[in-house]
Every structure is written in C-alpha cells, then in structure tokens.
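Chemist: Let's see this in three dimensions:
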Amino acid sequence: MGRKLSEDLCWRVVYLYNDGFSEHKIASILYISQSVISKILQNFHHWGCVTNPFKELPGCRKLFNSEEMVILKQLVQEKVDWYLDELVYEMERMTEKRASIAVFQILWNYT
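Modeler: From the prediction side, this is the model:
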C-alpha cells in the first residue's frame, strides 16, 4: 500500500485540473498515477474538499441508531428488574440486531 498524499498535493491536483490540465498531464507533472488523480477529483466533486470527511471517523462504529436507543431506554425504564441477558434478548428480538452483553454494559454506563 502506498503512502497517503498530503492535502496540499491533493489541492494542487484540483488547481491544475481547474486551470485546464488533463488528468494525464497532471499525472505526468506531479508524478502521481492517473487513478489517484481521478480519486482526488471524485472526492472534490462529491464533497467539495479533497478528502472524504466521513472516512475514518474517530470512535467505534455505532450499533444502534437513535430510534433503537429510545427503545433501549424505554426497556431499561420499564423493566428495571431484568438481567442484562434478558435486555439483550429483547433488544435482539425488537431490532433484529445482535449485541453482546458487554455492549449493553457500556451503554448502561451512558444512560
């Protein structure tokens, strides 16, 4: 896998393209492959910047969306005497998403 290009170099690609240079010509000027130039320009046309702002967001991937978190909150409030494994089973039944007890222990600390 190659090294990641600096943001300055990516912007240089966009500037050259806007000045009328072809992707092939930019590749020869900057010594970058034409496929990388295409990807940079795709990102620019799609996001308005040279990098995808949503790629590699910090933190872990979210298992439940906001609606499912409301369901979980209601379950916890209504079933205060349930064990975690019972909550896990009920959430799995209601949302059709499988989560471990460890995930619920983490969520429990935030509610």
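Chemist: can we go C-alpha only for contacts and neighbour counts from here?
Modeler: Noted.
Chemist: Report the outermost residue of the protein with respect to its centre.
Modeler: For the chain, the C-alpha farthest from the mean C-alpha position belongs to residue 81; by C-alpha atoms, centre = their mean, that distance is 36.1 Å.
Chemist: what's the helix or strand for that residue?
Modeler: Secondary-structure element containing residue 81, defined by DSSP states H and E: none, the residue being outside all helices and strands.
Chemist: Now it: phi and psi?
Modeler: Phi and psi for residue 81, reported as degrees, to the nearest 10, are phi -100, psi 10.
Chemist: ditto for residue 80
Modeler: Per degrees, to the nearest 10, the residue geometry at residue 80, taken as phi and psi, is phi -70, psi -20.
Chemist: I'd like to know how far it sits from residue 24.
Modeler: Going from residue 80 to residue 24 by C-alpha to C-alpha, to the nearest Å gives 65 Å.
Chemist: more neighbours, these two?
Modeler: More crowded of residue 80 and residue 24, by other C-alpha atoms under 10 Å: residue 24, with 14 against 9.
Chemist: thinking that one is in contact with residue 35, fair?
Modeler: No. Residue 24 is not in contact with residue 35 according to C-alpha atoms under 8 Å; the separation is 9.6 Å.
Chemist: Spit out the residues that contact these two alike.
Modeler: Between them, residue 24 and residue 35 have no joint contacts when contacts are counted by C-alpha atoms under 8 Å, 6 or more residues apart in numbering.
Chemist: Can you give me the neighbour number for residue 37?
Modeler: Residues contacting residue 37 under the criterion other C-alpha under 10 Å number 20.
Chemist: wait, doesn't it sit right on residue 27?
Modeler: Yes. Between residue 37 and residue 27 there is a contact under C-alpha under 8 Å: 6.9 Å.
Chemist: residues contacting residue 26?
Modeler: Listed by C-alpha under 8 Å, 6+ apart, the contact partners of residue 26 are 13, 16, 17, 32, 34, 37.
Chemist: Could you check how far it is from residue 55?
Modeler: Taking C-alpha to C-alpha as the measure, residue 26 and residue 55 are separated by 25 Å.
Chemist: Before I go, just wanted to say thanks for your time.
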